[in-house]
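Novice: Fold the following and give me the result.
(chains A and B)
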Number of protein chains: 2
Amino acid sequence: MAQDKKFVEEITPMDQDFTQWYTDVIKKADLVDYSSVRGCMVIKPYGYAIWENIQKELDNRFKETGHENVYMPMFIPESLLQKEKDHVEGFAPEVAWVTHGGDEKLTERLCVRPTSETLFCDHYKNNIHSYRDLPKLYNQWCSVVRWEKNTRPFLRTLEFLWQEGHTAHATAEEAQEETIRMLNVYAEFCENVLAIPVVKGLKTEKEKFAGAEATYTIEALMHNGIALQSGTSHNFGDGFARAFDIQYTDKSNQLQYVHQTSWGVTTRLIGAIIMVHGDDSGLVLPPRVAPVQVVIIPVAQHKEGVLEKASEICSRLSGLVRVRMDDSDKTPGWKFNEYEMKGVPVRLEIGPKDIEKGQVVLVRRDTREKVFVPMDELETRVPELLDSIHKNLLEKATRSRNEKTYTAVEMSEFARILETTPGFIRAMWCGDRACEDAIKEETGATSRCIPFDDTEPVSDKCIYCGKDANTLVYWGKAY
Amino acid sequence: MAQDKKFVEEITPMDQDFTQWYTDVIKKADLVDYSSVRGCMVIKPYGYAIWENIQKELDNRFKETGHENVYMPMFIPESLLQKEKDHVEGFAPEVAWVTHGGDEKLTERLCVRPTSETLFCDHYKNNIHSYRDLPKLYNQWCSVVRWEKNTRPFLRTLEFLWQEGHTAHATAEEAQEETIRMLNVYAEFCENVLAIPVVKGLKTEKEKFAGAEATYTIEALMHNGIALQSGTSHNFGDGFARAFDIQYTDKSNQLQYVHQTSWGVTTRLIGAIIMVHGDDSGLVLPPRVAPVQVVIIPVAQHKEGVLEKASEICSRLSGLVRVRMDDSDKTPGWKFNEYEMKGVPVRLEIGPKDIEKGQVVLVRRDTREKVFVPMDELETRVPELLDSIHKNLLEKATRSRNEKTYTAVEMSEFARILETTPGFIRAMWCGDRACEDAIKEETGATSRCIPFDDTEPVSDKCIYCGKDANTLVYWGKAY
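Specialist: Model (predicted):
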């Protein structure tokens, strides 16, 4: 037991140092490893399996909403990147440049894609001619590179994995519908799969994507009160279409520009899972993306019949849930800690006494509650328990988010909240960029979004300048 | 009908110009598009869906054989690439170099991975300590870049998609077993999923992978008699382990080097599908990777009850096979051509007369044979038909490959075969690199492999130098 304790003690407690806790968890839960390439991570099997489950769930949703996967080149010629003015200004400072192929110096530099709007536009220009070619509803799963100075695994890395949807539509209305549809898909996914509640809303001009007419976001709140932008959906209007000359002939034979959108989520979502659900014993994985949903641990496995029974249960459950049995020669105590650290939602213990009584012990990772369940009820009870864990995680995260959502009508209050109990701060804004800049300058907080579902003014004055204001903004410090 | 004919005539006949036929097919079947980036292709939805099916089938096989997916950085620092001497010599001349991040010049160049041995070794060095850490059975799905001069979609592109397995083992025997296991997985996959027969064998020293002790290959033969290396599996012995110092403590507490393998297949397999099965009407897709296995075409769809019945059949089949109904306003003739071009294995026609008779028409893409099938038998007959198409494609491809496999005992014969009826040429080789070089120089043929399943000598002299020889080699021109 002394050894078991020590194992747990290796994680820095959250309240003592949240950043160190995060670093401890990702290392000890075997999610990532550092690499010899600055700012790039190695995603290890356990971390990658979470990403695969995220991909599967999202990809189904994309296909159900009519999207098709494609693959665009990873390089963008400099001249192509420069076609849309705002876009290149936003991205050029943070791209990796390829200047040589083998020994040959290239006549034109290529950047490694930081995002692929320009490539999709180039393709659409050659492939959209008539209204019959619309809409184009494309998505791709790939990696992108942004030359960040400060990096942290999953949250901000030089290279990261993501999906980027890129669509082209006949009308502005359709593009706007698509933008909101995909924002809603993201929000639904976060709640129903990751058990993470999000605030949906509009980004301010200052915070919107380079080249977009409007950027919508889902914002999640981490356990320490810091916000995480978890997904974005952009409406480009016809801005890119004009820059790339993407026109189609409509039904009355008139040339029209298309209207476009793009939307993406990244491996950053794994960071959100860790920081929303994790605790001082390590990871707590939402069941619907957990690579292992149930781990079976035979107790006194050398005793007759234990391993046989454990294996039998393992195969009974294996079509229903993602189950794994650990019959290694480590002690049960070591295994309990190990799978707690790895956030496996349910531990199933079975020993000689349980077999005698025709039962097993199920232990939930989220509440640590133990229940004894008759063996012949496992096929119904285990999936129920996983659903109940999902529900509890979502409720707990929602409660925590709500508790950390504050209202401020004066800057002194705003600043005090940020310093003492960070979280979302609901405060009025006049719409002036100068106020937004000043708030960031003075407090470090940024506007997270103008929320859809929380619009009632909390005062009628801008929290910064005191002028008339009717826009409620969620502010906060963010990763 | 005149219009329908014209549509088909847009493909150049194979026998007239195979290269142009290939280009026509990939464009008209909507598999790829050219991009603004030299040598890089856009993989369109229909092409990418084939790749997704390939991925799903292979990934299942990798997981069944105990492999786990991971993700390594896309960049390799120059000093890391240089650690294994043969490897860097083989790859450095054909890598893309990143020299700048944003405005900043990097202190060390990074290459975009051409393959990831060095990154996996770097990771293994830090993560393998004891025999308990072995074996490591990792795989990743990603894109890689090789700075090729001449490119052709799917067959040879600057960037391509692939999977690369990288494993580390305690002993040389285990590494060799793994190398052959994965070669067999590839061969089984090609035959049972892609309906492509392959020759398994060993590469000569000249043709082996840079840094490998031994490279094994699966070689397929295209319709025009040109060979395509379709997958490779490498045994590295402990060469990389020595270069990267990857050692573990064995059970008797001795330090040992690990033994490693790597193996990969690429989007090139889509090129193989096209060139093995395609015909003058376009693509012929093997059913097990076809994005659409059955296309339902309502005939006289404006007549009462036709669309309803077609939809009903579509939903009945949709859990069983990948089915799609085309009720667009195009003519049935146009649709017939379109889906022939796209290689959809089965066309299901249904019109008022069929409904009266309680039947549908099934037309196979491979033989164009038509059968009338009672409506209530579709759930069994359609999957059977798909299996029968698979079987026929494999038989046909095997017959074609066998017909194009020749034997030569003299160089004049060898040269004449290559010029008149290209294919695999079975010929003896003394083992001398000089003979291999000379054969390539004089005829353009390379050694494809020393086959596993065809070892009986065809003479006792080297076909080139006439010295004693006991190695039978398959030679051929290759993509």
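
Novice: Low-confidence stretches in chain A?
Specialist: A:1-9 (pLDDT under 70).

Novice: Kindly recompute the last result at 50.
Specialist: Chain A contains residues with pLDDT under 50 at A:1-6, A:8.

Novice: and the residue lying farthest from the centre of it, what are its phi and psi?
Specialist: Residue farthest from the centre of chain A, counting by C-alpha atoms, centre = their mean, is A:Glu304 at 45.9 Å. With angles defined as degrees, to the nearest 10, A:Glu304 sits at phi -60, psi 130.

Novice: separation between it and B:Gly102?
Specialist: According to C-beta to C-beta, to the nearest Å, A:Glu304 and B:Gly102 sit 66 Å apart. For glycine as for every other residue, the C-beta is placed from the backbone atoms N, C-alpha and C.

Novice: What residues does A:Val265 make contact with?
Specialist: Going by C-beta atoms under 8 Å, 6 or more residues apart in numbering or on different chains, A:Val265 touches A:Leu58, A:Trp162, A:Gln163, A:Tyr186, A:Ser230, A:Gly231.

Novice: can I assume it sits in a helix?
Specialist: No - under DSSP: H, G, I helix; E, B strand; the rest coil, A:Val265 falls outside any helix and is assigned strand.

Novice: if I look at it, how far off is chain B?
Specialist: A:Val265 sits 16 Å away from chain B, taking C-beta to the nearest C-beta, to the nearest Å as the criterion.

Novice: which residues does that residue form a beta bridge with?
Specialist: Note on A:Val265: beta-bridge partners by DSSP bridges are A:Gln163.

Novice: Domain ranges for chain A, per the record?
Specialist: Using automatic domain parsing, the domain parsing of chain A gives A:14-277, A:294-386, A:405-476.

Novice: Quick check: which of these is buried the most?
Specialist: domain A:14-277 (a mean of 20; mean count of other C-beta atoms under 10 Å in any protein chain shown).

Novice: which neighbours does the helix or strand containing A:Arg426 have in its sheet, and in what orientation?
Specialist: Assigned by DSSP states H and E, A:Arg426 belongs to strand A:424-429. Applying DSSP bridges to the sheet, strand A:424-429 is found paired with strand A:405-407 (parallel), strand A:471-476 (antiparallel).

Novice: Among those strands, single out whichever gets nearest to A:Leu106.
Specialist: Closest to A:Leu106 of the strands paired with strand A:424-429, according to C-beta to C-beta: strand A:471-476, at 43.0 Å.

Novice: returning to that earlier point: compare the strands paired with strand A:424-429 and report which one is nearest to A:Met341.
Specialist: Closest approach to A:Met341 among those (C-beta to C-beta): strand A:471-476, 29.4 Å.

Novice: ok, residues contacting the closest one?
Specialist: Under C-beta under 8 Å, 6+ apart, the answer for strand A:471-476 is A:199, A:201, A:204, A:219, A:221, A:225-227, A:405, A:414, A:418, A:422-431, A:439, A:445-451, A:454-458.

Novice: how about stretch A:426-443 as PDB, C-alpha atoms only?
Specialist: Extracted C-alpha coordinates of stretch A:426-443, given in PDB (Å, rounded to 0.1, in the frame of the first residue of the first chain):
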ATOM      1  CA  ARG A 426     -20.500  38.700 -18.100                       C
ATOM      2  CA  ALA A 427     -20.100  42.400 -18.700                       C
ATOM      3  CA  MET A 428     -21.500  45.000 -21.100                       C
ATOM      4  CA  TRP A 429     -19.500  46.300 -24.000                       C
ATOM      5  CA  CYS A 430     -20.100  49.400 -26.200                       C
ATOM      6  CA  GLY A 431     -18.700  47.700 -29.300                       C
ATOM      7  CA  ASP A 432     -15.600  49.900 -29.400                       C
ATOM      8  CA  ARG A 433     -12.400  48.100 -30.200                       C
ATOM      9  CA  ALA A 434     -10.500  50.500 -28.000                       C
ATOM     10  CA  CYS A 435     -12.300  49.300 -24.900                       C
ATOM     11  CA  GLU A 436     -11.700  45.700 -25.800                       C
ATOM     12  CA  ASP A 437      -8.000  46.400 -26.300                       C
ATOM     13  CA  ALA A 438      -7.800  48.300 -23.000                       C
ATOM     14  CA  ILE A 439      -9.500  45.500 -21.100                       C
ATOM     15  CA  LYS A 440      -7.000  43.000 -22.400                       C
ATOM     16  CA  GLU A 441      -4.100  45.300 -21.700                       C
ATOM     17  CA  GLU A 442      -5.100  46.000 -18.200                       C
ATOM     18  CA  THR A 443      -6.500  42.600 -17.000                       C
END
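
Novice: gap between A:Ala220 and chain B?
Specialist: Distance of A:Ala220 to chain B, computed by C-beta to the nearest C-beta: 23 Å.

Novice: Shouldn't that residue be within a strand?
Specialist: Yes - the assignment for A:Ala220 by three-state DSSP puts it in a strand.

Novice: My read is that it contacts A:Ala227, right?
Specialist: Yes - counting by C-beta atoms under 8 Å, A:Ala220 touches A:Ala227, with 7.2 Å between them.

Novice: and stretch A:347-367, how far apart are its ends?
Specialist: Terminal residues of stretch A:347-367 lie 12 Å apart, using C-alpha to C-alpha, to the nearest Å.

Novice: show me the residues around A:Met222 that make contact.
Specialist: A:Leu228, A:Ala272, A:Met275, A:Val276, A:Tyr479.

Novice: mind putting those in CSV, distance to A:Tyr464 and secondary structure included?
Specialist: What follows is these, written out as CSV (distance: C-beta to C-beta, whole Å; DSSP: H, G, I helix; E, B strand; the rest coil):
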residue, distance to A:Tyr464, secondary structure
A:Leu228, 24, strand
A:Ala272, 29, helix
A:Met275, 29, helix
A:Val276, 30, helix
A:Tyr479, 23, coil
